[in-house]
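Q: Quick one, what's the 3D model for this:
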Amino acid sequence: MGGHSHWAGIKHKKALVDAKRGKVWTRIVREITIAARLGGGSPEGNPRLRKAVDDAKAANMPADNVKRAIQKGTGEIPGVTYEELTYEGYGPAGVAVYCEATTDNRNRTTSEIRKIFENHGGKMGSGGSVAWIFQPKGYLSVKKSAASEDAVMTLAIDNGAEDFRAQESDVYEIITAPADFERVKNALSSRSIAVESGELTMLPSSEVRVEGSDAQKLLNLVEALEGHDDIKNVYANFDIPDQVLSQLDK
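A: All right, here's what the predicted structure looks like:
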């Protein structure tokens, strides 16, 4: 999305706040459990589980918590069964919003997410209403101070990156197909080029420019959705200029 780098920074700050509330651990445990249930309990043979375990380590989650989450997923010990859902809708200024959720109570979560949309000037739509706008991609950013543009771009493209962006922000942005995300990330690490942020995400094929009061309303909607315990990821096709984001972040 437009302003992705700055928005990623805001989300990082929010993640630190969420960690204090225990939400990060809750979401990671659910992801580990689902990944283990779908792909088995070995991180080596299960890329989704490996990513979730890496996230757990980054969040300083105790190894015992990780082990129990895997065992619940594989059925070795009893646990709550979570299902994965998606919610789609529109926010202020007609921005498309796509949410990924995990829940043990579909009806409760759906009702609560619909209310969040309505309370923040949006409207939840039917399945498929905005999903077509988004495509699964890998996203990596590297600080420009870490290496030269030619070095990072060559390494990324040679290892399968689809796009490389060196715009006005202080980072290079690399876009990959989901299957090539780890290869590009590992290639950068092998050259001691630190990855500032890296995630499997959903990128929009088109964007809606948002300014003024709609920008604040939209970010309030996104933050409310991200604050819900059952929401794992929120994607939106807004293009809010960095200077506007900077003012709203103060």
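
Q: Name the strands paired with the longest strand belonging to the chain and say parallel or antiparallel.
A: In terms of residue count, the longest strand belonging to the chain (DSSP state E) is strand 134-143. Partners of strand 134-143 in the sheet, by DSSP bridges, are strand 171-176 (antiparallel), strand 197-204 (antiparallel).

Q: next SSE after the lowest-mean-pLDDT helix or strand in the chain?
A: Every helix and strand of the chain was ranked by mean pLDDT, DSSP states H and E. The lowest is helix 4-21, at a mean of 49. Reading on from helix 4-21 to the C-terminus, the next helix or strand found by DSSP states H and E is helix 23-39.

Q: how far off helix 23-39 does the helix or strand that that next one is followed by point, in degrees?
A: Downstream of helix 23-39, the first helix or strand assigned by DSSP H and E is helix 47-58. Going by axes from the mean of the first three to the mean of the last three CA atoms, to 10 degrees, helix 47-58 is angled at 160 degrees with respect to helix 23-39.

Q: Give the buried residues for helix 47-58.
A: Neighbour-count burial for helix 47-58 flags Pro47, Arg48, Leu49, Arg50, Lys51, Ala52, Val53, Asp55, Ala56 (criterion: 16 or more other CB atoms under 10 Å). The way it works is simple: take the backbone N, C-alpha and C, and place the C-beta from them, glycine included.

Q: One more: stretch 235-242?
A: Neighbour counts using 16+ other CB under 10 Å place Tyr235, Ala236, Asn237, Phe238, Asp239, Ile240, Asp242 of stretch 235-242 among the buried residues.

Q: where are the low-confidence patches of this protein?
A: 1-22, 168, 249-250 (pLDDT under 70).

Q: and if we set it to 50?
A: In the predicted model, the chain carries pLDDT under 50 at residues 1-10, 12-13, 16.

Q: Run a quick neighbour tally on the residue nearest to Gln167 when sequence neighbours are not counted.
A: Among residues not flanking Gln167 along the chain, Glu173 sits closest, at 7.4 Å (CB to CB, 6 or more residues apart in numbering). When neighbours are counted by other CB atoms under 10 Å, Glu173 registers 20.

Q: thinking Glu173 is in contact with Arg165, fair?
A: Yes. Glu173 lies in contact with Arg165 (CB atoms under 8 Å); the separation is 4.1 Å.

Q: coming back round to it: for the residue nearest to Gln167, list each beta-bridge partner.
A: Beta-bridge partners recorded for Glu173 (DSSP bridges): Ser141, Arg165.

Q: Could you check how far it is from Val222?
A: 20 Å (CB to CB, to the nearest Å).

Q: follow-up on the earlier one: point out the most buried one among the strands paired with strand 134-143.
A: strand 171-176 (a mean of 23; mean count of other CB atoms under 10 Å).

Q: List of residues touching it?
A: 4-5, 137-144, 149, 152-153, 156, 160-167, 184, 196, 203 (CB atoms under 8 Å, 6 or more residues apart in numbering).

Q: Of the residues you listed, grab the buried ones for PyMOL.
A: Buried subset of the contacts of strand 171-176, written as a PyMOL selection, criterion 16+ other CB under 10 Å:
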select buried, resi 4+5+137+138+139+140+141+142+152+153+156+161+164+184+196+203
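
Q: Roughly how far does the closest residue to Asn159 other than its chain neighbours sit from Ala151?
A: Distance criterion CB to CB, 6+ apart; nearest residue to Asn159, sequence neighbours excluded, is Ala187 at 4.3 Å. Using CB to CB, Ala187 is found at 11 Å from Ala151.
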